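J.: would you be able to build a 3D model of this:
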Amino acid sequence: MDESRHMPEPDTSSDQNQPRLRIGFLLAPRFTLSAFATFVDVLRLAADDGDGSRPIRCRWRVLSSDMAPVQSSCGIRIEPDERLGDPTRFDYIVAVGGLIDGGPGLSLDQGAFLKRAAQARVPLAGLCTAVFSMARFGLMDGYRCCVSWFHHQDFLAEFEKMRPVSDQIFVVDRDRLSCSGGVSAAHLAAFLIDRHLGRAAARKALSILMIDEPMQGDRPQPGLPLELHARDPLVRRALLAMQQNLHAPLPIARIARDLGVGRRKLERHFNADLGIPPADASIRIRLAQARMLLARTDRTVTRIAEETGFCDASHLIRVFRETEGTTPDLWRQSRGVLTEQEPV
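T.: So this is what the prediction gives:
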């Protein structure tokens, strides 16, 4: 997908006193400071050729309805710069989320402001968990959105009709942008810098932050524990999709389609990178999860089979015996784990 479609055109004005990129920030209560600070620092480092942190080519402001300080999840407070006002004075409105169990997220005033911005065709971006609030306000209907693998199931539990993207570091879908948080915020900011100020400015900002180079949005998210360690980005994204759908495994053809490739191409990449076909990789990932549940929980084999996408307990037992040389119950007993009572 062309990530630049429906994005604002770079400012070609000759007035050098006007910033070419203007960002308004909305901070949710207990927002993630690292995502906000990383995004702002990329703007700051690209804004001034002289590295004096002057907001010359970029301008950013923290917006508020009441001008009260906003406390981040780590306790540090940020003072707003301006009241909400007219969203069209900015090129983008960027919402920063935080702890999903720390409150309602963005306020009703902030939600109304985002809706006004959307109606005025000002692009909206959500960092970290801000897409939860944006989805609650109906602002992600019909859009793809990026969610951290860590919060993938939380998002599905609340928005069961939406399909979050958790195998990419950020997603740009027309006038909606979203990222998984952390360092991905730097790469999303660099994408905007590249778009409006040029690639050299984006690379310069990231280099000063000790980040090697800008990453494309479809770069796989790091950090999700996997049974298999792939180098091929396409294979890694497929493995992430398998990991995120353990209880209801997706057909390999569906995974390939979601990744925008044919099944045969996906199989070639798996064989070249891991030496096994995608179907075998899916079994290995689900068996790894089953072993973890057997070792760390008292759940029955029947329940574990349901949670890891096997047809039933007999199916899990058969596959487990083929790979481990023993049954799940005996494997568990050898580790001294007490279990729930199997249903009669």
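J.: give the buried residues for the least confident helix or strand in the chain by mean pLDDT.
T.: Scoring the helices and strands of the chain by mean pLDDT, DSSP states H and E places helix 152-158 at the bottom, with a mean of 83. Within helix 152-158, the residues that count as buried by 16 or more other Cβ atoms under 10 Å are 152, 154-156. In short, each C-beta sits where N, CA and C put it, glycine included.
J.: name the surrounding residues that touch that helix.
T.: 100, 131-132, 135, 147, 162, 164, 166, 244 (Cβ atoms under 8 Å, 6 or more residues apart in numbering).
J.: now for the closest residue to residue 25 other than its chain neighbours, how many residues are close by?
T.: Spatially, and ignoring its direct neighbours in sequence, residue 25 is nearest to residue 62 (4.8 Å; Cβ to Cβ, 6 or more residues apart in numbering). Residues near residue 62, counting by other Cβ atoms under 10 Å, number 20.
J.: and the buried residues of helix 152-158 as TSV, adding distance to residue 194?
T.: Below are the buried residues of helix 152-158 laid out as TSV (distance: Cβ to Cβ, whole Å):
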residue	distance to residue 194
152	28
154	31
155	28
156	32
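J.: from these, pick the one nearest residue 208.
T.: Closest to residue 208 out of the buried residues of helix 152-158 is residue 152 (32.2 Å), distances taken as Cβ to Cβ.
J.: any idea how far residue 129 is from the closest one?
T.: Here the criterion is Cβ to Cβ, to the nearest Å. By it, residue 152 lies 12 Å from residue 129.
J.: returning to that earlier point: looking at the contacts of helix 152-158, which is nearest residue 281?
T.: Taking Cβ to Cβ as the measure, residue 281 lies nearest residue 244 of the contacts of helix 152-158, at 13.9 Å.
J.: surely the closest one touches residue 166?
T.: Yes: contact criterion Cβ atoms under 8 Å: residue 244 and residue 166 qualify, at 5.7 Å.
J.: which neighbours do the two share?
T.: Both residue 244 and residue 166 are contacted by 149, 152, under the criterion Cβ under 8 Å, 6+ apart.
J.: what about those two, which has more around it?
T.: Counted by other Cβ under 10 Å, residue 244 and residue 166 do not tie: residue 166 has more neighbours, with 25 against 18.
J.: in what helix or strand does residue 144 lie?
T.: Using DSSP states H and E, residue 144 falls within no helix or strand.
J.: and it, what is it in contact with?
T.: Taking Cβ under 8 Å, 6+ apart, we find residue 144 in contact with 163, 165, 171, 173, 176.
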